[in-house]
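A.B. asks: sequence plus the predicted model coming up.
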Amino acid sequence: MSQTLLLLPGDGIGPEVTAQVRRVAAVLTPDLTLDERDFGGISFDRNGAPITEEAIATALKSDAVLMGAVGGPKWAGVPRDKRPEMGLLGLRKAMDVFANLRPALCFDALADASSLKRELVAGLDIMFVRELTGGVYFGQPRFIETLPDGQRRGVDTQVYTTSEIERVSRVAFELARGRRNKVHSLEKSNVMETGLLWREVVTDLHKRDYADVQLEHMLADNAAMQLVRQPTQFDVLLTDNLFGDVLSDEAAQLTGSLGMLPSAALGAAGKPGLYEPIHGSAPDIAGQGVANPLAAILSFEMALRWSLNRPAEADRLFAAVEAALAAGARTRDIGGGLSTAEMGDAVLKAL
Ligand code: NAD
């Protein structure tokens, strides 16, 4: 049966970068069916909601979903529940994608563009596995109240269950087996109950099912420091929603432009994954045809690998991106002058 990739181009530069994914897919995987739906602000304009029920149902039936980006100043005044970002949260929830994979890897051709010295980032290849649907961003109760003395008090709740920790840890251990076989699990077990539970559950699971994988526990604050001191010591980093949000952004910055960074959000085995560049809709450059399409193209590479089970095509695409960069192809954000389509051309030529 033929596989389907649902494209959700979205707003701003989203359609510009996903157009290059279309071109790549036409050459690399001509048998892959591409479907497309409105998403974000454009969906609100056309359909009155940032994502329609029909689009969500289509996503759930697809083999993988690849989005561009959503949002922009045009929709700043839209009611909160109809904002483009709400469409994204709704989609993640509907797809139950609990493990966020964010690679931070340094292409040799771009090592000098890093804010760290070349010798610290050359060869960097790390994978963050961030828990995406639990923790303090979702825990109840959460509120702001006014106290009798007139002060205001804000409350968020950090909460994790065994099964939430276990399922995301499994993803990290499985990934490590296909890489350099090392997992660092990050928490604050010294000061947080959820951190203590996190460490215990990861340790138990490791003992039970993944004793062949090297496991180290590290306090999240130490990890923040180690990431800028010696990032190449890491292979897979496993952490919760909040620490993952912060530390994966830090790691991303090690390798240069937002325009280079893909991500994946995975749910249970056999369910479609959600792939997206980590950048936003970049309203400041939207419509100019200068956005870097590589984050979107590398998100497609991840979809080929993790949802579509086409590792050979993923390897080919990755090598093509590497070759295009080595040959000097650069969009503006990475110090060159190519347009979005010309960067697409460079990848196609290398393919
Ligand atoms: P942004 O990522 O859109 O842009 C930050 C900066 O990086 C801008 O200067 C932009 O020009 C540049 N940039 C981003 N992607 C680039 C690319 N591919 N090539 C070249 N340069 C690139 O973040 P922002 O400006 O904070 O947010 C803009 C809008 O995007 C907001 O509405 C925000 O809510 C939304 N947003 C959406 C997502 C998403 O869809 N997942 C993520 C982040 C932000």
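C.D. replies: Ah, there it is.
A.B. asks: apart from its neighbours in sequence, what residue is nearest the residue nearest the centre of the chain?
C.D. replies: Nearest to the geometric centre of the chain sits Ser263, at 2.5 Å (CA atoms, centre = their mean). Leaving aside its chain neighbours, Ser263 sits nearest to Arg102 (4.7 Å; criterion: CB to CB, 6 or more residues apart in numbering). Where you see a C-beta, it was placed from the backbone N, CA and C, and this is true even at glycine.
A.B. asks: and the one you found, that's in a helix?
C.D. replies: No. Counting by DSSP: H, G, I helix; E, B strand; the rest coil, Arg102 is not part of a helix but strand.
A.B. asks: off-centre distance for stretch 75-94?
C.D. replies: Centroid displacement of stretch 75-94 relative to its chain, using CA atoms, centre = their mean, to the nearest Å, is 18 Å.
A.B. asks: distance between the ends of it?
C.D. replies: From its first residue to its last, stretch 75-94 covers 23 Å (CA to CA, to the nearest Å).
A.B. asks: what comes up buried for it?
C.D. replies: 75, 83-84, 86-88, 91-92, 94 (16 or more other CB atoms under 10 Å).
A.B. asks: surely the residue nearest to Ser263 meets Leu132?
C.D. replies: No. Using CB atoms under 8 Å, Arg102 makes no contact with Leu132, being 10.4 Å away.
A.B. asks: can you map out the strands along the stretch 101-250 of the chain?
C.D. replies: Taking DSSP state E, counting those that start in this stretch, the strands of the stretch 101-250 of the chain run over residues 125-131, 143-146, 152-155, 182-187, 214-219, 236-239.
A.B. asks: got phi/psi on the closest residue in space to Arg180 that isn't next to it in sequence?
C.D. replies: Closest residue in space to Arg180, ignoring its immediate chain neighbours: Asp235 at 4.2 Å, by CB to CB, 6+ apart. The phi/psi pair for Asp235 (degrees, to the nearest 10) reads phi -120, psi -80.
A.B. asks: for the residue of the stretch 251-351 of the chain found nearest the ligand, give me its contacts.
C.D. replies: Ranking the residues of the stretch 251-351 of the chain by distance to the ligand (CB to the nearest ligand atom) places Gly280 first, at 2.4 Å. If you count contacts by CB atoms under 8 Å, 6 or more residues apart in numbering, Gly280 has them with 12, 69-71.
A.B. asks: enumerate the residues of the stretch 201-350 of the chain near the ligand.
C.D. replies: Residues of the stretch 201-350 of the chain found near the ligand (CB under 6 Å from any ligand atom) are 258-259, 276, 279-285, 291-292, 295, 333.
A.B. asks: residue ranges for the helices of the stretch 1-150 of the chain, please.
C.D. replies: Counting by DSSP state H, counting those that start in this stretch, residue ranges of the helices within the stretch 1-150 of the chain are 14-28, 41-47, 53-61, 84-95, 118-121.
A.B. asks: quick check: domain ranges of the chain?
C.D. replies: 1-98+269-351, 100-266 (automatic domain parsing).
A.B. asks: just put the ones you listed in CSV and tack on mean pLDDT.
C.D. replies: Shown next, in CSV, are the domains of the chain (pLDDT from 0 to 100):
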stretch, mean pLDDT
domain 1-98+269-351, 96
domain 100-266, 94
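A.B. asks: highest mean neighbour count out of the ones you listed?
C.D. replies: Mean neighbours per residue, mean count of other CB atoms under 10 Å, is largest over the domains of the chain for domain 1-98+269-351, with a mean of 19.
A.B. asks: sorry, back to before: ok, the buried residues of stretch 75-94 vs the ligand, which is closest?
C.D. replies: Among these, and counting by CB to the nearest ligand atom, the member closest to the ligand is Leu88, at 5.8 Å.
A.B. asks: ok, the nearest residue to that closest one once chain neighbours are set aside - contacts?
C.D. replies: Nearest non-adjacent residue to Leu88, counting by CB to CB, 6+ apart: Val70, 5.7 Å away. By CB under 8 Å, 6+ apart, the contact list for Val70 reads 10-11, 14, 39-41, 50, 84-85, 87-88, 280-281.
A.B. asks: can you check Thr203 too?
C.D. replies: Residues near Thr203 by CB under 8 Å, 6+ apart: 215, 217.
A.B. asks: do the same with Ser2
C.D. replies: 31-33.
A.B. asks: make it 6 Å
C.D. replies: Taking CB atoms under 6 Å, 6 or more residues apart in numbering, we find Ser2 in contact with Thr33.
A.B. asks: A strand includes Tyr275, no?
C.D. replies: Yes. Tyr275: assigned to a strand according to three-state DSSP.
A.B. asks: which strand residues bridge it?
C.D. replies: Taking DSSP bridges as the rule, Tyr275 bridges to Leu66, Ala264.
A.B. asks: isn't it right up against Leu66?
C.D. replies: Yes. Counting by CB atoms under 6 Å, Tyr275 touches Leu66, with 4.6 Å between them.
A.B. asks: what's the overlap in contacts for those two?
C.D. replies: With CB under 6 Å, 6+ apart, Tyr275 and Leu66 have common neighbours 299, 303.
A.B. asks: between the contacts of Val70, which is nearest Pro148?
C.D. replies: Nearest to Pro148 among these is Glu85, at 35.2 Å by CB to CB.
A.B. asks: residues contacting the residue nearest to the closest one when sequence neighbours are not counted?
C.D. replies: Nearest residue to Glu85, sequence neighbours excluded (CB to CB, 6+ apart): Gly71, at 5.8 Å. For Gly71, the contacting residues are 84-85, 281, by CB under 6 Å, 6+ apart.
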